[in-house]
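Engineer: here is a sequence together with a model predicted from it:
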Amino acid sequence: MNDYGKAFALMRDAAQGSWRDYSRHAFVEGMKDGTLPHEAFLHYLRQDYVFLIHFSRAWALAVVKSETHEEMLAASRTVNGLISEEMKLHIGICEAEGISQDQLFATPERAENLAYTRYVLEAGYSGDLLDLLAALVPCVMGYGEIGTRLASQATSETYQDWINTYAGEDYQGACKAVGELLDSALTRRIGADFQASPRWYRLCRTFRTATELEVNFWQMGLTP
Ligand SMILES: Cc1ncc(C[n+]2csc(CCO)c2C)c(N)n1
């Protein structure tokens with residue numbers, strides 16, 4: 001199992017079945033064995049491009065909600081990685097498939113997509129960095145776990161580029177950095193024994209809701 005820090009492991013275990021539904025969704029299994037229809041994958045990528053726009057805004061809000069230079073650095077690095085790397089990956093794949101950048105930008109946003117990113121933004125608007133991170137973390141770490149598992153279990157090369165992106169050293173390093181940010185932000189605001197705080201339950205609930213919104217996002221991917 002990948003090591004993305006203490007708090008993430010606890011939150012994931014508290015999310016139980018929802019985490020499993022997310023990380024082993026039929027969409028993911030279809031990328032593993034190559035049976036995912038190409039049309040569904042392209043539909044997912046277009047929606048994901050819109051998702052990343054709002055997700056970048058949420059990480060930019062993490063800069064706003066930071067209390068230390070270290071926190072600002074970690075959050076701003078993620079904003080930069082998202083805009084300069086991950087969104088570029090989508091633009092590149094879509095262009096190769098004949099979908100222009102203008103078309104990509106104009107993709108009508110599906111309700112499942114909108115619900116997820118606005119939920120994350122709202123967690124940040126109305127709370128502090130911890131509330132925001134609890135909503136952001138399932139997305140970051142989930143793809144890290146899925147990428148690693150598919151890199152060792154895939155039986156088809158069809159979705160290898162996608163798998164390699166998330167299984168790769170760069171992305172795995174980013175997951176570790178976010179895990180450290182989460183642990184240190186919790187310790188700074190609540191104390192080393194953060195699990196004993198009354199806030200912990202609410203943070204775990206936010207994490208689980210975001211995980212369930214990821215499940216809905218995969219499901220949307222299966223229904224172009
Ligand atoms: C629905 C959906 N969930 C998660 C990711 C993965 N992801 C989103 S932002 C980011 C970079 C670090 O925050 C990564 C890896 C995605 N692309 N789409």
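Structural biologist: Yep, it's here.
Engineer: Thr206: neighbour count?
Structural biologist: When counting by other Cβ atoms under 10 Å, one arrives at 23 neighbours for Thr206. Yep, even glycine has a C-beta here, placed from its N, CA and C like the rest.
Engineer: worst mean pLDDT across the helices and strands of this protein, which element?
Structural biologist: In the chain, no helix or strand scores lower on mean pLDDT, DSSP states H and E than helix 87-96, which sits at a mean of 89.
Engineer: give the contact list for the residue positioned nearest the centre of the chain.
Structural biologist: Compute the mean C-alpha point of the chain, and by Cα atoms, centre = their mean the closest residue is Cys139, 1.9 Å away. The contact partners of Cys139, taken as Cβ atoms under 8 Å, 6 or more residues apart in numbering, are 55, 120, 210, 214.
Engineer: mind doing that once more with 7 Å?
Structural biologist: With contacts defined as Cβ atoms under 7 Å, 6 or more residues apart in numbering, the neighbours of Cys139 are 55, 210, 214.
Engineer: now, which of these sits nearest Leu130?
Structural biologist: Checking the contacts of Cys139 against Leu130 with Cβ to Cβ, the nearest one is Ala210 at 13.4 Å.
Engineer: which strand or helix spans the closest one?
Structural biologist: When secondary structure is defined by DSSP states H and E, Ala210 falls within helix 198-221.
Engineer: quick check: mean pLDDT across that helix?
Structural biologist: pLDDT averaged over helix 198-221 equals 98, rounded to a whole number.
Engineer: what residues of it count as buried?
Structural biologist: Buried residues in helix 198-221, counting neighbours by 16 or more other Cβ atoms under 10 Å, are found at 199-200, 203-204, 206-218, 220-221.
Engineer: residues of this protein that sit close to the ligand?
Structural biologist: 48, 51-52, 55, 78, 81-82, 86, 139-140, 143, 174, 214, 217 (Cβ under 6 Å from any ligand atom).
Engineer: mind checking which of these land in helices?
Structural biologist: In helices, defined here by DSSP state H, the members of the residues of the chain next to the ligand are 48, 51-52, 55, 78, 81, 139-140, 143, 174, 214, 217.
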